[in-house]
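Student: need the 3D shape of this:
(one chain, ligands or ions: 2)
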Amino acid sequence: MHKIAVGQAGGPTTVINASLVGFIDGLPENTEVFAVLNGYQGLVNEDFERLEGPFYDWVKQHKTIPGACLGSGRYPFTPDLMIQAVHNLKRNDIHTLVFIGGNGTMAALQKMNSIAKTMNYDLQTIGIPKTVDNDLAGTDHAPGYASAARYVASSVRDISKDLESMRNFEQVRIIETMGRNAGWLSLASGLLKQSELDGPHYIYIPEVPVEQDRFIKDIQQCVNDIGMATIVVSEGFTFAGSSKVEREVINGRSVLGGISGYMEQMIRDQLGLTVRSENMGMNQRSAYWAVSKQDQLEAYEVGRQAALYMKQEKTNVMVSIQRRLSLGYNYLLSDVALTSVVNGGERRVPPAFIANRADFNGWLEQIIGEPIMTYPPMWRRSAF
Ligand SMILES: Nc1ncnc2c1ncn2[C@@H]1O[C@H](COP(=O)(O)OP(=O)(O)O)[C@@H](O)[C@H]1O
Ligand SMILES: O=P(O)(O)OC[C@H]1O[C@](O)(COP(=O)(O)O)[C@@H](O)[C@@H]1O
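Tutor: Ligands and ions are numbered 1, 2, ... in the order given. A predicted model of the protein is given here:
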């Protein structure tokens, strides 16, 4: 009997469970699967649960449910703890380790692979991509992103419509998105714009620092023109010459957040406008209603592909989505070395997409799922 362990790590998405179920569905009959609970913490504490009977059925029910059903979380996974983890795998005679996650998860998997080697333990490691941030190297996009992008695009458009009706009371709204050091999610907020008058009117991303004076001038100009400004900002955005705004640091890991509040204060102080900042919050990565069916399908498929790689005895690889140049949307799944994923670092929005928003929108539209209804344009361009 082939014994394997599978876990989920990092921030959850709406489709990370689809990948887990895809993986399980792809496994050969003679596989004994151990679910690792609470990410890498479960690997260190030997918190394994055999995937069988009612637990197996329960996990399978999660195919379309948000959150990471095995438990995920963030856990300081040091080399000493990795040695402990290898001992735990050895005790259970598990020689295959599969984790679903983003940058950090892949870095940990790769390290597990080399530590196992130094311990002369034969360990097959396979990564399944996920992240709402889309900052994972080695893949065209990561499952989880398109659904979060759908949420952001829809919600920002609606918040902007709301502001449009409140211009005699409130002129500026600032919406802060996730994304860490990459602007993929913020940029998605512009997907449903039909004209320049529609919000969001400005999108600020980490890849493009902006002078504070320029920012203030642009917002004033926009309010002069149409009586309002809807602003979207990535949590990792910085003004030129400034550093990132952090909410806190947990176990040495920066938790970003607060740049929208900083902007709010600037606008209030320097322009005297009525302004409100809002955090898009955890709904971005958990809203069931916003799931992109395409994203869900791909999440399932990358899971199944990992099971195939397991059978093919591939190791130290991650499943990658390769978009093919064609008229319609077309992609294939392939394996990419974990080393190149890790060495690729955080994948930021390429300059070509920043310069050409139509190209970015075309790229995004193909994975965003079913068409989203369009809204009629603004009726009257009235400034106060
Ligand atoms: N550089 C690293 N070395 C070892 N383990 C890591 C590393 N980075 C992350 N991890 C482990 O992987 C988990 C998931 O990584 P994290 O950065 O939180 O999310 P993601 O995988 O989505 O990027 C962490 O909670 C931690 O246990
Ligand atoms: O408060 P936390 O734990 O940092 O979670 C919020 C973070 O999680 C994310 O949603 C996704 O995180 P990962 O994909 O890196 O795990 C980030 O965009 C955001 O910065």
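Student: the closest residue to residue 40 other than its chain neighbours: what's it in contact with?
Tutor: Of all residues not flanking residue 40 in the chain, residue 77 sits nearest, at 4.5 Å (Cβ to Cβ, 6 or more residues apart in numbering). Just so you know, the C-beta spots here come from the backbone N, C-alpha and C atoms, and that holds for glycine as well. Neighbour list for residue 77: 40, 44, 85, 108 [criterion: Cβ atoms under 8 Å, 6 or more residues apart in numbering].
Student: farthest pair in the residues you listed?
Tutor: Farthest-apart pair in these is 44 and 108; separation 11.1 Å (Cβ to Cβ).
Student: of the two, who's got more company?
Tutor: residue 108 (26 against 21; other Cβ atoms under 10 Å).
Student: quick one: residues contacting the more buried one.
Tutor: By Cβ under 8 Å, 6+ apart, the contact list for residue 108 reads 9, 40, 77, 82, 99.
Student: just the strands in the stretch 1-150 of the chain please.
Tutor: Remark: strands assigned in the stretch 1-150 of the chain by DSSP state E, counting those that start in this stretch are 2-8, 31-36, 48-50, 96-101, 124-129.
Student: switch those strands over to CSV, and while doing so, append mean pLDDT and mean neighbour count to every line.
Tutor: Shown next, in CSV, are the strands of the stretch 1-150 of the chain (pLDDT from 0 to 100; neighbours: other Cβ atoms under 10 Å):
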stretch, mean pLDDT, mean neighbour count
strand 2-8, 97, 23
strand 31-36, 98, 22
strand 48-50, 98, 15
strand 96-101, 98, 27
strand 124-129, 98, 27
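Student: mind putting these into JSON lines with distance to residue 224?
Tutor: Formatted as JSON lines, those follow (distance: least, Cβ to Cβ, whole Å):
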{"stretch": "strand 2-8", "distance to residue 224": "49"}
{"stretch": "strand 31-36", "distance to residue 224": "56"}
{"stretch": "strand 48-50", "distance to residue 224": "61"}
{"stretch": "strand 96-101", "distance to residue 224": "46"}
{"stretch": "strand 124-129", "distance to residue 224": "45"}
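Student: so which of these comes closest to residue 300?
Tutor: The closest of the strands of the stretch 1-150 of the chain to residue 300 is strand 124-129. By Cβ to Cβ, the value is 10.6 Å.
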